[in-house]
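S.K.: Sharing a sequence plus its predicted fold:
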Amino acid sequence: MALDTETSRAPRAAQPLDVALNRAEVKWTRKELAGRVLWSLCQPFFRWSPRPLWGWRRLILRIFGAEVGAGAHVYPSVKIAIPWNLRIAEGTAVGDHAILYSLGEIRLDERATVSQYAHLCAGTHALGQPQRPLVKATVRVGADAWVCADSFIGPGVEVGACAVVGARAVVVRDVPPGALAVGNPARLEERGDEEGEAPR
């Protein structure tokens, strides 16, 4: 959706940030806080596991409430904020040093690929309010979609089935099924599906 240029250029009136209200806001239940502490204590068993132990890491994630399908490959160096907010379908792969910032739900559908150092961000703050309360958003990557290396998928974004998000792209709006999104901010481009041509 195009922005009205005059409106978008006009500066907003600055609202002072009320840090005290933000800090006092109850963001997590006691059970969630306890779970996050326990997860931080158990992370070495995940992160120090040898790379081929896919089943071991699937088991650890399931113990912490994640839904993880058969054959999912989650690398040991993946950073996961809250495992019980993960829905990882069968045949998916999450590469080295990817960040699954799962304050809200992150859903990876069948055979989705999240490459190394990609960042899926399912949390933000409501900037229109002076206390900037936490917003637990969702991120979804559709079946057979590919989120390439170093890319950023913002809160509330859905990457459609068979779509490709190019390396280092910054995606803050939905990507339609089958589309190619590249750049910062990401824009849609023609796909180069000829043999040997990689997404830019």
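M.R.: Received it, and whenever you're ready, just let me know what you need. In this text, all values refer to a predicted model and were calculated from it rather than measured experimentally. Numbers count the residues shown, from 1 in each chain.
S.K.: in this protein, which segments are predicted with low confidence?
M.R.: 1-16, 18, 192-200 (pLDDT under 70).
S.K.: quick one, longest helix in it?
M.R.: Longest helix in the chain, counting residues (DSSP state H): helix 30-47.
S.K.: Give me the contacts around that helix.
M.R.: 28, 57, 60-61, 64-65, 76-77, 80, 82-84 (CB atoms under 8 Å, 6 or more residues apart in numbering). C-beta: built from backbone N, CA, C; applies to glycine.
S.K.: Can you give me the distance of R30 to R36?
M.R.: R30 sits 11 Å away from R36, going by CB to CB, to the nearest Å.
S.K.: For the two, work out which one has more neighbours and name it.
M.R.: The neighbour comparison of R30 against R36 (other CB atoms under 10 Å) goes to R36, with 16 against 8.
S.K.: And that one, how far from L103?
M.R.: Distance from R36 to L103, by CB to CB: 10 Å.
S.K.: anything in contact with each of those two?
M.R.: I82.
S.K.: re the thing from before, alpha carbons only: can I get the longest helix of the chain in CSV?
M.R.: This file holds the C-alpha atoms of helix 30-47, laid out as CSV (Å, rounded to 0.1, in the frame of the first residue of the first chain):
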residue,chain,number,x,y,z
ARG,A,30,5.6,-16.8,36.4
LYS,A,31,5.4,-20.1,34.6
GLU,A,32,6.8,-18.5,31.4
LEU,A,33,9.6,-16.9,33.4
ALA,A,34,10.5,-20.2,35.1
GLY,A,35,10.5,-21.9,31.7
ARG,A,36,12.8,-19.3,30.2
VAL,A,37,15.2,-19.7,33.1
LEU,A,38,15.1,-23.5,32.7
TRP,A,39,15.7,-23.2,29.0
SER,A,40,18.7,-21.0,29.5
LEU,A,41,20.2,-23.5,31.9
CYS,A,42,19.6,-26.4,29.5
GLN,A,43,20.8,-24.7,26.3
PRO,A,44,24.3,-26.1,26.6
PHE,A,45,22.9,-29.6,26.0
PHE,A,46,21.5,-28.2,22.8
ARG,A,47,24.3,-25.9,21.6
